[in-house]
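**Q** from the sequence below, what's the structure:
(chains A and B)
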Amino acid sequence: MSSFTASPLEIQLNILSYLAPEDLVRCKLVSRRFAVIADAFPFDLQRIKCHCEAVCGSNGNLRLVVQKAGNMKTLEVTPESLKKLEVTELLVTSENNSTDNHDAAVIELIRVLQTSRQTNLRIVTVRDLRLETSVLAQQLLDFVCTGLIQEINLNNVISQALSAAHIGTMDSLCQARVAGAKLETADALINKLTKDMRFKPRLNVPFIAEGTACSPEAVATFLREWIHLPESPYFQYKLVNCDAVWRARLAEECERQALSHVFYEFPSVANPLSHIKIKFHEDTNECVLFPIKDVPARSPVSPYVCFARYFRDF
Amino acid sequence: MAATTSTDMSTLNTALDKISNIKLKCKDGKLVTISKRIIRESEVLSHNFSVVDEVEQTIPLPDIHSTVMKQIVAFYDLIEDDSEYVPPSKYTDRPTKDHPGVGFFSNFTVEELQALTHACGYLDMPRLQDFILCHMIVDIIQDREIKEIRERGMMKTDYTPEEEAEFVKRHEAPIEVVQPQ
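**A** Coordinates of the predicted model:
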């Protein structure tokens, strides 16, 4: 059977170059080959990439301000003209003086994102939204959480709707700030980091994450995984709400899993010159996990003087 | 192929003046007589005439069938009065419905259009190629559903059902939006 998918590349490219952006998206669904070509030759065929700020007001008012790639000018656009643009960075905020909830504006935002086929979002930030209908937060997350998302920053209202399934969908995620997320979601996030460190070290790591305290078991599993990796990958993980009870549970779990440490410095088994440090801020109940790769961890059996640490710290 | 320079153009005109009747020997061995305009429109043929001093009146064309070549000749007979070709600058630049070429190609099957497209690519004829691509083939794709595009363009999907469902879910299926209470 003769078909256009069997035509030479330059002819297929020529065919696609005559299509309007909305037809091009549909054409990508026709065949995998068309999708590959359309993605591989972005200069001719793709919509212009842009950063979009969606400002939600009361009574369903939605203002869209875009900044095109390679251009510092900002421009207010109508929902209709967003069809000609490809939003890669989405910032959802609220108007300063609005007092009502933003449910209607979020409904409009979801509709605009759907109708303009914004399926290539990479960075999503949502802050200062007030939603009365929790399903809306869920629907917004259902739309934005794709395998292409690399960074997600959510405020309390939205991050409560973030589920472990959303985290599982975001294959490319390497930065997440999800203050106020549920325990199950926080566990899914640290488990994802653990998995990515082992299987996708060059793609998703270094990893930066901030969120509510996950279970001490998940943190201990993460520590055990890291100390056995010869690459000792970089990351930064910040947890809030780590009270004295949580710290005690973490210490117990480390003991149970035979993770030796001195002052919460966990030496790497595979790399003697690196270790993980857990730093607690007792006044704010915050805890930060990060790797140190230049000096060995303090040893419980031979309290030697580490000159590298001495010169680094003093 | 590089655009024909003014020196090449004068050589081409001189060469064409010497010849009255130019024939192409096609893949099936049949001879097709072509006009001088077709030679000027084809980058390959015009380059051939402009660089070779003694051009034979019968030019071998082993990759194109005579049926396809006759269709090309018929198309150029139809648009005899058209002005010099200007390539379209954007996707909205398309020939109007009353253009004689639109009616000419409207009954062509996808195989015939594809064979014509390949012949245009071989002979490097941008006017005809753009005409077929931008009007006839894009017409198959534009504003149509995916299933319809596949049927009309005779394209088989190479997505697995799961991948397709996921893709459709992302691009096509509307999400039910709950109205606030």
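
**Q** need the longest helix for chain A.
**A** Looking across chain A with DSSP state H, the single longest helix is helix A:183-199.

**Q** where do the helices of chain A begin and end?
**A** Counting by DSSP H, the helices of chain A are A:9-17, A:21-30, A:32-40, A:42-45, A:103-115, A:134-144, A:156-159, A:164-169, A:183-199, A:201-204, A:216-227, A:244-256, A:307-313.

**Q** and these, which one is worst for confidence?
**A** For these, mean pLDDT drops lowest on helix A:42-45, to a mean of 61.

**Q** residues contacting the residue nearest to A:Ile278 when sequence neighbours are not counted?
**A** Nearest residue to A:Ile278 in three dimensions, chain neighbours excluded: A:Tyr264, at 4.0 Å (Cβ to Cβ, 6 or more residues apart in numbering or on different chains). For the C-beta atoms, the positions are set from N, CA and C on the backbone; glycine is no exception. Contacts for A:Tyr264 (Cβ atoms under 8 Å, 6 or more residues apart in numbering or on different chains) come out as A:277-280.

**Q** how much space separates A:Tyr264 from A:Ile152?
**A** 28 Å (Cβ to Cβ, to the nearest Å).

**Q** with A:Arg198 instead?
**A** Distance from A:Arg198 to A:Ile152, by Cβ to Cβ: 22 Å.

**Q** repeat for A:Leu229
**A** With Cβ to Cβ as the criterion, A:Leu229 and A:Ile152 are 25 Å apart.

**Q** of these two, who's got more company?
**A** Remark: of A:Leu229 and A:Ile152, A:Ile152 carries more neighbours, 25 against 17, as counted by other Cβ atoms under 10 Å in any protein chain shown.

**Q** relative to chain B, which residue of the stretch 51-200 of chain A is the closest?
**A** For the stretch 51-200 of chain A, the residue closest to chain B is A:Asp103, as judged by Cβ to the nearest Cβ, at 3.7 Å.

**Q** do you know how far A:Pro233 is from A:Lys192?
**A** 14 Å.

**Q** residues contacting residue 105?
**A** Went with chain A since none was named. So A:Ala105 contacts A:56-58, A:60-62 (Cβ under 8 Å, 6+ apart).

**Q** you looked at the wrong chain, it should be chain B
**A** B:75, B:113, B:131-132, B:135-136 are the contacts of B:Phe105 under Cβ under 8 Å, 6+ apart.

**Q** now A:Gln12
**A** Per Cβ under 8 Å, 6+ apart, neighbours of A:Gln12: A:4-5, A:33-34, A:37.

**Q** what's the most distant pair in those residues?
**A** Farthest-apart pair in the contacts of A:Gln12 is A:Phe4 and A:Ile37; separation 11.2 Å (Cβ to Cβ).

**Q** look at those two and report which has more neighbours.
**A** Using other Cβ under 10 Å as the criterion, A:Phe4 and A:Ile37 rank with A:Phe4 on top: 23 against 19.

**Q** so that one sits against B:His118, correct?
**A** No: A:Phe4 lies out of contact with B:His118 (Cβ atoms under 8 Å); the separation is 11.1 Å.

**Q** who touches both of those two?
**A** A:Ile11.

**Q** which helix or strand contains the residue nearest the centre of chain B?
**A** Residue closest to the average C-alpha location in chain B (Cα atoms, centre = their mean): B:Gln129, at 2.3 Å. Using DSSP states H and E, B:Gln129 falls within helix B:126-131.

**Q** could you say what helices and strands the helix or strand just after that helix packs with?
**A** Counting by DSSP H and E, the next helix or strand C-terminal to helix B:126-131 is helix B:138-141. Under the contact criterion of 3 or more Cβ pairs under 8 Å, 6 or more residues apart in numbering or on different chains; DSSP states H and E, helix B:138-141 touches helix A:21-30, helix B:146-153.

**Q** near chain B at all, stretch A:134-154?
**A** Yes: residues of stretch A:134-154 contacting chain B under Cβ under 8 Å from any Cβ of the partner chain: A:135-136, A:139, A:142-143, A:146.

**Q** hey, C-alpha coordinates of that stretch in PDB?
**A** The C-alpha coordinates for stretch A:134-154 follow below in PDB (Å, rounded to 0.1, in the frame of the first residue of the first chain):
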ATOM      1  CA  SER A 134     -10.500  20.500  45.300                       C
ATOM      2  CA  VAL A 135     -11.300  18.600  42.100                       C
ATOM      3  CA  LEU A 136     -10.000  21.600  40.100                       C
ATOM      4  CA  ALA A 137      -6.600  21.300  41.600                       C
ATOM      5  CA  GLN A 138      -6.600  17.700  40.700                       C
ATOM      6  CA  GLN A 139      -7.700  18.400  37.100                       C
ATOM      7  CA  LEU A 140      -5.000  21.100  36.700                       C
ATOM      8  CA  LEU A 141      -2.400  18.700  37.900                       C
ATOM      9  CA  ASP A 142      -3.800  15.900  35.700                       C
ATOM     10  CA  PHE A 143      -3.200  18.200  32.700                       C
ATOM     11  CA  VAL A 144       0.300  19.600  33.600                       C
ATOM     12  CA  CYS A 145       1.900  16.400  35.100                       C
ATOM     13  CA  THR A 146       3.400  14.700  32.000                       C
ATOM     14  CA  GLY A 147       6.500  12.800  31.300                       C
ATOM     15  CA  LEU A 148       8.100  16.100  30.000                       C
ATOM     16  CA  ILE A 149       7.800  18.100  33.200                       C
ATOM     17  CA  GLN A 150      11.300  18.900  34.600                       C
ATOM     18  CA  GLU A 151      10.400  21.300  37.400                       C
ATOM     19  CA  ILE A 152       7.300  21.700  39.400                       C
ATOM     20  CA  ASN A 153       6.700  24.300  42.200                       C
ATOM     21  CA  LEU A 154       3.400  24.200  44.000                       C
END
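
**Q** hang on, the earlier thing: who are the packing partners of the longest helix of chain A?
**A** Helix A:183-199 packs on helix A:164-169, strand A:175-178, strand A:207-212, helix A:216-227, strand A:235-240, going by 3+ Cβ pairs under 8 Å, 6+ apart.

**Q** can I get the ones you listed in JSON lines with distance to A:Leu250 and mean neighbour count?
**A** What follows is those, written out as JSON lines (distance: least, Cβ to Cβ, whole Å; neighbours: other Cβ atoms under 10 Å in any protein chain shown):
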{"stretch": "helix A:164-169", "distance to A:Leu250": "21", "mean neighbour count": "17"}
{"stretch": "strand A:175-178", "distance to A:Leu250": "20", "mean neighbour count": "22"}
{"stretch": "strand A:207-212", "distance to A:Leu250": "14", "mean neighbour count": "20"}
{"stretch": "helix A:216-227", "distance to A:Leu250": "4", "mean neighbour count": "20"}
{"stretch": "strand A:235-240", "distance to A:Leu250": "10", "mean neighbour count": "19"}
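
**Q** immediately after the worst-scoring helix or strand of chain B on mean pLDDT, which helix or strand?
**A** Ranking every helix and strand in chain B by mean pLDDT, DSSP states H and E puts helix B:6-18 at the bottom, with a mean of 68. Next in sequence after helix B:6-18, counting helices and strands by DSSP H and E, comes strand B:22-25.

**Q** ok, that following strand: who's next to it in the sheet?
**A** Strand B:22-25 has the following strand partners under DSSP bridges: strand B:31-34 (antiparallel), strand B:58-60 (parallel).

**Q** tell me which residues of stretch A:73-92 are tucked away?
**A** For stretch A:73-92, the neighbour count (16 or more other Cβ atoms under 10 Å in any protein chain shown) marks A:77, A:79, A:82-83, A:85-92 as buried.

**Q** pull up the overlap in contacts between A:Pro233 and A:Lys192.
**A** Joint contacts of A:Pro233 and A:Lys192 (Cβ under 8 Å, 6+ apart) do not exist.
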